[in-house]
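Student: Sharing a model prediction with you, sequence too.
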Amino acid sequence: MQPRISLVELEKWATIAWMIWQARNKVYFEKVQLHPKVIFESAHKWLEEYQCLNGAQQYHGGTNFGRTGSSYVITAYYNQAPLDEYGLIRQPKWGHLKELHATIKLCSTTLLQGTQTKFPLGTQQEAIVFEENTGGCAAFLINNDTHNNAIVQFRNISFQLFPKSISILPDCKIVAFNTTTVNIKFNNRIMTPEQIFDSANSWKEFNDVIVNFGDPSLKSNRLLEQTSTTKDKSDYLWYTLSFQPNSPCTNPILHVESSAHVARAFLNNIFVGSANGRFREGFKLDIPIQLNNGMNNISILSVMVGLQVGLLGEDLKIYEEENLGNVVRNNGISPNQRFTWYKTLFDAPMGNDPVALNLSSMGKGEAWVNGQSIGRYWSSYHDDKGNPSQIMYHVPRSFLKPSGNLLVLLEEAVGNPLQISLNIVSITDA
C-alpha cells in the first residue's frame, strides 16, 4: 500500500512542483529569466516522486540586507518569484500557480486517499491515475515529446496534449489545467523616480584613510588568511608593507595574486590599480609602478565576502546617526574619489508603495539608511551583455521615518552620488 501524505504536504508539493524552475541566487554576471511553462519538469517530478520530500523552492523573493549575501551574489534574490522581493505579484507566474493550486484542491481527497497507477498512452506519452474505492478519480496526462503535439485516447475519450506538457483531469474526464496553457496576462514592475539627489549642497563626504605599514597594530612576517583574520567583521583587509630598494629598478611591476573578490593597490598613498575576480575564480594584478629612491609604502586593500581589519569609517560606525560627529566631513561632492563616505538626508515618499534606491551611478560599496544596511552594491560590475547586474536596491518602509532619513554610502571605487534617485515601485499591466 502506498504511503499517505497530508494535505499540507500536498499543497507544499504543488508549490514545489511549480517553483523548481526558479533560478538559484544570481551571481553578479548571471541573469536568468524563466517562463512559467517550465512548471512541466517540476510537476512531472512531483508526480513521479511525490512521497519524497526534497528541498523546497521559495514562493517569494527577498533582499540580502547588510553583509548577509554570499560571494558575488546580488542583494535581490528570487526576484522572478510569484511574489518578488518587494512583495509585489509577478504575473503570470502568481496567477498560473494559483490556477494549479485550485485544480489540485478539486481532487485533493483522491490524491491523498487514492491508489496510484501509471501506464503508457504512446511512445512518449503516459498517464498517472489516482483512484478511490468510492469512485473518485484524478488523472495526469503527460506528453514528454519536446516538439510535437500528441493525440491520445484515455478512457475512450480523445485528448490533445501539447509538447512537453501535463494536463490535469480532476474527474478523469475534463481537462481543468494544462502546464503550458498560460491564461494570465503579463504585468510589469515600474520604478518611478520620486527624488533625485542632485544637489551637491545636500551632501557631505569623508575620505577614509589609506593605511600604511606603520599604522596597524597587527603585524606578521607572513600573509594571513583574510576571513580568519577579520573574524567576518568586515569585507575589507589592508595588506601593507614598507621597503627601500637595494638597487635601482628600471621597470618595476607590482604583482598580486588573490582569491578574494577585489584588490585595490596604492603606492605611497596614490591609487595605482585594481582587479577583481569572478564567481569561483581568483585573479592576478600586474601594475607598472615608479618607486621613490627612499622608503616606499605599498598598501593593498583586499575585499572579501602590518595588517588592519576594515576601514576607519566602519570602525567608527559613521553610518549611524549617533556617530556622525566622529569624523569631520567636507561639504559638497569631490569627483572621482575612492574610499569615500557620502551622507545626505531625505524624506520618505508618501503612501505605502515599496521604495528603492537607483545606484546605477555608483561603483562598488555598501549603503545604509538610518543605520540599517540595505546591502552591498556593485553597479560597476557588468553582465555578459554589458549591463549592470543590479541597480535598484530595496529600502524597506520599516527602515524609514516620515522625514529626516539618513542615507550613507561607502564608495570604494568611483561613483557619482548626484545621480542617485529614490524610486517608488509599482506594478502595471503589460
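Tutor: On my side now, so go ahead. Numbers count the residues shown, from 1 in each chain.

Student: so what's the closest residue in space to V175 that isn't next to it in sequence up against?
Tutor: With CB to CB, 6 or more residues apart in numbering as the criterion, V175 has its nearest non-adjacent residue at 4.7 Å, and that residue is S167. For glycine as for every other residue, the C-beta is placed from the backbone atoms N, C-alpha and C. When contacts are counted by CB atoms under 8 Å, 6 or more residues apart in numbering, S167 touches 140-141, 159, 161, 175, 177-179.

Student: same deal with Q124?
Tutor: Contacts for Q124 were tallied using CB under 8 Å, 6+ apart; they are 143-145, 150.

Student: Packing partners of the helix or strand harbouring Y393?
Tutor: Here Y393 is covered by strand 392-395, with elements defined by DSSP states H and E. Contact here means 3 or more CB pairs under 8 Å, 6 or more residues apart in numbering; DSSP states H and E; on that basis strand 392-395 packs against strand 355-358, strand 372-377, strand 421-429.

Student: and if we set it to 10 Å?
Tutor: Taking 3 or more CB pairs under 10 Å, 6 or more residues apart in numbering; DSSP states H and E as the contact definition, the neighbouring helices and strands of strand 392-395 are strand 62-63, strand 76-77, strand 355-358, strand 365-369, strand 372-377, strand 421-429.

Student: pLDDT (mean, whole number) over that strand?
Tutor: For strand 392-395, the mean per-residue pLDDT is 95.

Student: what residue ranges in the stretch 101-250 of the chain are flagged as low confidence?
Tutor: Within the stretch 101-250 of the chain, the stretches falling below the threshold (pLDDT under 70) are 213-219, 221-222, 226-227, 231-232.

Student: what ranges do the helices span in it?
Tutor: Remark: helices assigned in the stretch 101-250 of the chain by DSSP state H, counting those that start in this stretch are 108-113, 226-230.

Student: for the first one, packing partners?
Tutor: Just to be clear, that refers to helix 108-113. By 3+ CB pairs under 10 Å, 6+ apart, helix 108-113 packs against helix 7-19, helix 93-106, strand 125-131, strand 137-143.

Student: Can you get me a residue count around S259?
Tutor: Under the neighbour criterion other CB atoms under 10 Å, S259 is assigned a count of 13.

Student: Quick check, it in contact with N276.
Tutor: No: using CB atoms under 10 Å as the test, S259 is too far from N276 to be in contact (11.7 Å).

Student: picking that back up, parallel or antiparallel, which strands does the helix or strand following the strand holding Y393 pair with?
Tutor: From strand 392-395 onward toward the C-terminus, using DSSP H and E, the following helix or strand is strand 405-411. The strands that strand 405-411 pairs with in its sheet are strand 340-346 (antiparallel), strand 365-369 (antiparallel) (by DSSP bridges).

Student: and the last one, C-alpha only, in PDB?
Tutor: It refers to strand 365-369. Below are the C-alpha coordinates for strand 365-369, written out as PDB (Å, rounded to 0.1, in the frame of the first residue of the first chain):
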ATOM      1  CA  GLY A 365      30.400  49.700  -1.800                       C
ATOM      2  CA  GLU A 366      27.600  49.500   0.700                       C
ATOM      3  CA  ALA A 367      24.600  51.700   1.600                       C
ATOM      4  CA  TRP A 368      22.900  52.400   4.900                       C
ATOM      5  CA  VAL A 369      19.500  54.000   5.600                       C
END
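
Student: Show me how far that strand is from its chain's centre.
Tutor: Using CA atoms, centre = their mean, to the nearest Å, the distance from the centre of strand 365-369 to the centre of the chain it belongs to is 16 Å.

Student: Skipping its backbone neighbours, what lies nearest F283 in space?
Tutor: G277 is the one closest to F283 (CB to CB, 6+ apart), at 4.3 Å.

Student: A275 now?
Tutor: Across the structure, with CB to CB, 6+ apart as the measure, the residue nearest A275 apart from its sequence neighbours is L285 (4.1 Å).

Student: Show the contacting residues for G325.
Tutor: By CB atoms under 10 Å, 6 or more residues apart in numbering, the contact set of G325 is 316, 318.

Student: Am I right that it falls within a strand?
Tutor: No: checked against DSSP: H, G, I helix; E, B strand; the rest coil, G325 lies outside a strand; its state is helix.

Student: how much space is there between it and G313?
Tutor: Counting by CB to CB, to the nearest Å, the separation of G325 from G313 is 13 Å.

Student: ranges for the strands of the stretch 201-350 of the chain?
Tutor: Using DSSP state E, counting those that start in this stretch, the strands found in the stretch 201-350 of the chain span residues 204-207, 236-243, 253-258, 262-267, 270-276, 283-288, 296-303, 307-309, 330-331, 340-346.

Student: Which elements pack onto the second one?
Tutor: Right, strand 236-243. With contacts defined as 3+ CB pairs under 10 Å, 6+ apart, the secondary structure elements packing on strand 236-243 are helix 226-230, strand 262-267, strand 296-303, strand 307-309.

Student: Ok, the fifth one next?
Tutor: The criterion is 3+ CB pairs under 10 Å, 6+ apart, and the helices and strands that strand 270-276 contacts are strand 253-258, strand 262-267, strand 283-288, strand 296-303.

Student: Let me know which of those is the nearest to S360.
Tutor: strand 262-267 (19.1 Å; CB to CB).

Student: Starting from that closest one, tell me which strands it pairs with and how they run.
Tutor: Using DSSP bridges, strand 262-267 pairs in its sheet with strand 270-276 (antiparallel), strand 296-303 (antiparallel).

Student: re the thing from before, most neighbours, which of the contacts of Q124?
Tutor: Neighbour counts for those were taken using other CB under 10 Å; the highest belongs to N143, which has 27 neighbours.

Student: now that one: how far from C107?
Tutor: Between N143 and C107 the distance is 20 Å, computed by CB to CB.

Student: A138 now?
Tutor: Relative to C107, A138 is positioned 4 Å away (CB to CB).

Student: Between those two, point out the one with more neighbours.
Tutor: For the pair A138 and C107, the greater number of neighbours falls to A138 (25 against 22), based on other CB under 10 Å.

Student: What's the separation between the more buried one and V182?
Tutor: Relative to V182, A138 is positioned 22 Å away (CB to CB).

Student: and if you look at M191?
Tutor: From M191 over to V182 the distance is 25 Å, taken as CB to CB.

Student: Tell me which of the helices of the stretch 101-250 of the chain is the most buried.
Tutor: Mean neighbour count (mean count of other CB atoms under 10 Å) peaks for helix 108-113 among these, with a mean of 18.

Student: okay, now the domains of this structure?
Tutor: 7-178, 190-208+314-429, 226-310 (automatic domain parsing).
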